[in-house]
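**Student:** Predicted model, plus sequence, below.
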Amino acid sequence: MELIIAAIKAIVIVALILQLIPVLIWFERKGSAYIQDRRGPNRAQILGIRLGGMIHNLADVVKLFCKQDIIPTKASRIIYVVAPMIAIFVASATVGVVPFAEPLHLGGLTIPMQVADLNIGILYILGIGSLGVYGVMLGGWSSNNSYSLLGTLRASAQMVSYEIAMGLALIGLFLVTGTVRITEIVSQQTGFHWYAFTQPIAFVLFLTSLFAETNRNPFDLAEGESELVAGFHTEYSSMKFALFFMAEYAHIAVGSLIVSLLFFGGWNLPGLDFDWIRVYPEAALSMGLPALAVGAIAFGLFLCSKFRRHKYNDARDYEVLIFGVPHVLIGFLMIGATLLLHGTTLPTWVGPVLVAALQMGVVLAKTLFFCAFFIWVRWTLPRFRYDQLMDLGWKGMIPVALFNIVITSAWLVFVH
Amino acid sequence: MIEAYLFYFFAVTTVLLAVTVVVQPNPIGAAVSLVGTFFSLAALFVLLHAHFVAIMQIILYAGAIMVLFIFVIMLLNLEPEKVKLRTIAGNRLVQGSAALYLAGVIALAFFGWRQFFTQGVVANEMEGTIEAVGKLLLTDYLVPFEMTSVLLLVAIIGAVILARKPVE
Amino acid sequence: MEITVHHYIVISCLLFIIGIFGVLTRRNLLIILMSVELMLSAANLALVAFSRFSSHLDGQVAVLFVFIIAAAEAAVGLGIVIAAFRHTSGVRVTSWKELKG
C-alpha cells in the first residue's frame, strides 16, 4: 500500500515539474519580449485561437520531433546519447525529496507530501546537483568538436566552483535551523520568520550559485550564444537537444522550488493559520469561497468587457470570451457551493486535504515567482567573462560564505 | 525479503561495473563505469542503513573526484589502449605471489568465513543518521577531523604546484 | 534468505580483487589510479558492513576519513599525472624507464 502511494507520488511530482517547463518557456519568450519592448511570438494558432503564444510550445515539440537525428561520425555513440539523459535525470531526481505540503494525516494513515522523507534532506539535493556536471561534460566531450569542448571545460569548471559556494552558504543555514530535513526547516519558518530575513547573506549566495549551477545568465558562457556557437550542445539536434533544453528549464523550476522552501517560508504565509483551517474547514470555506467567487466574477466580467466584434475579423475575437465566460460561471458555481454548504458539516477528511491543497498552492506560487525572477535577471544583466566569473566564485563568494558561517556561529554561541 | 532482492541486484551491478572499469580500453568509458560503481556502492550503503556515508559517497566520489578524473582525461586527450588481459606486469615472482594472494582471498571469501566470523552476524538497530555520525565525529574523533583539514590544505597546495605551467 | 555480514564481505573481496587486477594489468596511469579508488571503495564497504553488524558507528566515521584521504590522494595523483604527461608526453607506465638498470 505504501509502495503504491509512493509510486503515485513519484509519477505526479515528476509530471508536475515536467509540466512547468512549457509554462517557463512561454514566460521566457513573452517576458523577454516585453522587457525588450516587443511582442514576442504570437502567431501559432489552433483553429484561429492564438492563446497569446502558448501554442508555440506545441509547435516546438512537433518541430523537434520531426527534425533529423544526427550523430556526428567521430562521436562516441553511447556517451553522446546518454549525456542528455543524465541532464534530465538530475533535474527530475532532485525533486524527490522536496515536500509540497505538510504530511497529510487521514484517519490512521500519514502520507508525507514528498516521494521520500530522507533524514539527510538537503544533502541529497546537493549530491544529485553535483551530478549535473556530468551531463554537460560528457555531452560536450562526446561531440568531438572543439567549440563544444571549450564550452564544456568552462561550464564544468564554473559548475564545480559554484557548488562549493552553494554548500558553504547552506552550512550557514544549517547552523540556524539545526536540522537538514526540509520538512522541519519549512515548519520552522512560521509567520514572518523566513530564513531569507534571518540569513540574508546565505540567501543571496545560494541564489547566485543557483544561477551558476543552472548555467543561466549572467553565468551562461557555457551556452554562450554569441561566443561559442552553442557551447556544449552545438552538435545536438532534435530530441537530444530538446532533452538538454527541457533539463535546463526543469533545473530552474526545481531550483526555484528549493529556494522558496528553504528561504522563503515554503508553504507558510504570515497570517494563514493551517491548524484552524484543518479543524474548521466549513468556516474557512465559507470565508474563502465567496472571496474567490467575487474575484473570479470580477476578472471574468473584465475580460468579457474587452470583447470587440470586428477587431481582428477572425476567431481571435472570441478568445476573451473563451476565457471570460468560464471565469464568471465558476464564480457563480462557487457562490452556489457556499450556499449549499451553509450549515452542513463536511466529512473529516476535507480539512486536511484542503490544507494540503492550499499549501501546495502557496509553494507553487512562490516557485513561479522565483522562476520569473530567473527570467527577469537573464534579460537584464550582461554576461560575465570567464575570468571574472572564476574570480567571483573563488575569491568573492567563498570568503563571504565563510564569513557568514563565522558570524552565525559567533552569534549562536554568544547570544544563545 | 525485498532487501535480499535489492542486495543481490546492487551487488551484481557493482561487480559488473567494476569489471567494466578494469577491462574498458577507453579511459572515459572506464571513468563513467566507475561513477556507476560508486552509485551501486551508495545503494549498498543505504541498504546497510548508513545514510550519511552513502550521500557523502555521491557528493565526494561521484560528484567531485570523478569529475576531476574526467577533466584530466579530457585535458590530456588520451586515446584508447589495447588491453592485454593475460599478462600481469612484473617478473615471475610478482605474478606468482599476486596469483597466490588472489586465490587465497577468493577461497577465504567464498568458503572459509564461517570459522572466522562467529559473532557480529546479526544487524543492530543503530542507524547511520547524520546526527549520530556527526556527534561521533565531533566528539571522539575531533583531532583526526581537524588533521584532515590540514591534510586537504597540503593536498591543495601540492596539486596546484604540480600542475602549474613551468615558469619560463 | 537473511543477508548477513558475509555477503558484504564477499562483495568487498571481489571489488578488492578487481582493483588489484586493474593495477597490475593496465598500463594507463589514469586507469591504475581508478583501480586504486576501487580498492579504497572495497575497504569502505567492509568497514560499513562491520559497523552495521556490530554496535559501533566508528566504522562509518572511519569511512568518512577514507573519503577525505582518497580525495586528497586523487588530487595530488592527478597533479602528478599532468606534470609527468608534460615532461614525457605519455601516460603509459611501461614507457617510463629512465631509472631502470
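**Tutor:** Received it, and whenever you're ready, just let me know what you need.

**Student:** now check stretch A:205-225, is it near chain B?
**Tutor:** No. Counting by CB under 8 Å from any CB of the partner chain, chain B has no neighbours in stretch A:205-225; the shortest distance is 12.1 Å. C-betas here are computed from N, CA, C, even on glycine.

**Student:** how distant is that stretch from the center of its chain?
**Tutor:** Distance of stretch A:205-225 from the chain centroid (CA atoms, centre = their mean, to the nearest Å) equals 15 Å.

**Student:** buried set for it?
**Tutor:** Neighbour counts over stretch A:205-225 (16 or more other CB atoms under 10 Å in any protein chain shown) mark A:205-224 as buried.

**Student:** Of those residues, which belong to helices?
**Tutor:** Among these, the members found in helices (DSSP state H) are A:205, A:206, A:207, A:208, A:209, A:210, A:211, A:212, A:213.

**Student:** I'd like to know how far the fourth one sits from residue A:401.
**Tutor:** Right, residue A:208. Taking CB to CB, to the nearest Å as the measure, residue A:208 falls 11 Å from residue A:401.

**Student:** list residues touching both of the two?
**Tutor:** By CB atoms under 8 Å, 6 or more residues apart in numbering or on different chains, residue A:208 and residue A:401 have these common neighbours: residue A:165.

**Student:** Pop the domain breakdown of chain B in here.
**Tutor:** Here the domain parsing of chain B from automatic domain parsing is B:1-86, B:92-116, B:129-168.

**Student:** What's the local residue count around residue C:62?
**Tutor:** Residue C:62 has 19 neighbours, counted by other CB atoms under 10 Å in any protein chain shown.

**Student:** ah, wrong one, I meant residue A:159
**Tutor:** Other residues near residue A:159 come to 25 when the count uses other CB under 10 Å.

**Student:** what do you get for residue C:94?
**Tutor:** By the criterion of other CB under 10 Å, residue C:94 has 8 neighbours.

**Student:** Chain neighbours aside, what residue packs nearest to it?
**Tutor:** residue C:27 (5.2 Å; CB to CB, 6 or more residues apart in numbering or on different chains).

**Student:** How confident is the prediction for the one you found, by pLDDT?
**Tutor:** Looking at residue C:27, its pLDDT reads 82.

**Student:** swap in residue A:230?
**Tutor:** Looking at residue A:230, its pLDDT reads 62.

**Student:** Also the one 3 residues further on?
**Tutor:** Among the per-residue scores, residue A:233 holds a pLDDT of 69.

**Student:** Could you do residue B:81 as well?
**Tutor:** 69.

**Student:** same thing with residue A:17?
**Tutor:** The predicted structure scores residue A:17 at 84 on the pLDDT scale.

**Student:** That one against residue A:254, yeah?
**Tutor:** Yes. Using CB atoms under 8 Å, residue A:17 makes contact with residue A:254 at a distance of 6.3 Å.

**Student:** Overlap in contacts, the two.
**Tutor:** A:91, A:95.

**Student:** More neighbours: the two, which one.
**Tutor:** Counted by other CB under 10 Å, residue A:17 and residue A:254 do not tie: residue A:254 has more neighbours, with 25 against 20.

**Student:** how's chain A carved up into domains?
**Tutor:** Using automatic domain parsing, the domain parsing of chain A gives A:61-270+A:382-415, A:276-346.

**Student:** Go through those domains and pick out the most buried.
**Tutor:** Mean neighbour count (mean count of other CB atoms under 10 Å in any protein chain shown) peaks for domain A:61-270+A:382-415 among these, with a mean of 19.

**Student:** so how far is the first residue of it from its last?
**Tutor:** This stretch, domain A:61-270+A:382-415, spans 57 Å end to end (CA to CA, to the nearest Å).

**Student:** any idea how far that domain is from the chain center?
**Tutor:** Distance of domain A:61-270+A:382-415 from the chain centroid (CA atoms, centre = their mean) equals 11 Å.

**Student:** mean pLDDT for the domains of chain A: which is lowest?
**Tutor:** With a mean of 81, domain A:276-346 has the lowest mean pLDDT of those.

**Student:** Now do the end-to-end distance for that domain.
**Tutor:** Counting by CA to CA, you get 15 Å between the two ends of domain A:276-346.

**Student:** How about the secondary structure of the residue of the stretch 151-300 of chain A found nearest chain C?
**Tutor:** Closest contact between the stretch 151-300 of chain A and chain C, by CB to the nearest CB, is at residue A:160 (12.6 Å). The three-state assignment at residue A:160 reads helix, by DSSP: H, G, I helix; E, B strand; the rest coil.

**Student:** TSV for the domains of chain B, including mean neighbour count and distance to residue A:56?
**Tutor:** Below are the domains of chain B laid out as TSV (neighbours: other CB atoms under 10 Å in any protein chain shown; distance: least, CB to CB, whole Å):
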stretch	mean neighbour count	distance to residue A:56
domain B:1-86	20	36
domain B:92-116	12	61
domain B:129-168	13	46
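
**Student:** returning to what we had before: turn the ones in helices among the buried residues of stretch A:205-225 into TSV, including distance to chain C.
**Tutor:** Listed next are those as TSV, based on distance: CB to the nearest CB, whole Å:
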residue	distance to chain C
A:205	23
A:206	24
A:207	28
A:208	26
A:209	21
A:210	25
A:211	27
A:212	22
A:213	21
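
**Student:** Please produce a markdown table containing the residues you listed, extended by distance to residue C:38.
**Tutor:** Formatted as a markdown table, those follow (distance: CB to CB, whole Å):
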| residue | distance to residue C:38 |
| --- | --- |
| A:205 | 36 |
| A:206 | 35 |
| A:207 | 39 |
| A:208 | 37 |
| A:209 | 32 |
| A:210 | 34 |
| A:211 | 36 |
| A:212 | 32 |
| A:213 | 29 |
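
**Student:** Those: which two are farthest apart?
**Tutor:** A:205 and A:213 (12.1 Å; CB to CB).

**Student:** Residues that sit against both of these two, list them.
**Tutor:** By CB under 8 Å, 6+ apart, residue A:205 and residue A:213 have these common neighbours: residue A:166.

**Student:** Chain A: strands as residue ranges?
**Tutor:** Taking DSSP state E as the criterion, chain A carries its strands at A:104-106, A:109-111.

**Student:** Just give me the neighbour total for the closest residue to residue C:95 other than its chain neighbours.
**Tutor:** Using CB to CB, 6+ apart and skipping residues adjacent in sequence, the residue nearest residue C:95 is residue C:88, 7.3 Å away. Using other CB under 10 Å, residue C:88 has 12 neighbouring residues.

**Student:** related to what we said a few turns ago, contact partners for the residue of the stretch 151-300 of chain A closest to chain C?
**Tutor:** By CB under 8 Å, 6+ apart, the contact list for residue A:160 reads A:130, A:133, B:64, B:67.

**Student:** now those residues as CSV including distance to chain C?
**Tutor:** Output for the contacts of residue A:160, formatted as CSV (distance: CB to the nearest CB, whole Å):
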residue, distance to chain C
A:130, 13
A:133, 16
B:64, 7
B:67, 11
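
**Student:** Chain B: helices as residue ranges?
**Tutor:** Under the criterion DSSP H, chain B contains helices at B:2-23, B:27-47, B:51-56, B:66-76, B:92-111, B:113-116, B:130-139, B:142-163.

**Student:** now swap in chain C and tell me
**Tutor:** So, for chain C - with DSSP H - the helices run C:5-25, C:29-53, C:58-88.

**Student:** which residues does the residue in the stretch 301-416 of chain A that chain C sits nearest to contact?
**Tutor:** Going by CB to the nearest CB, chain C is nearest to residue A:394 of the stretch 301-416 of chain A, at 15.7 Å. When contacts are counted by CB under 8 Å, 6+ apart, residue A:394 touches residue A:161.
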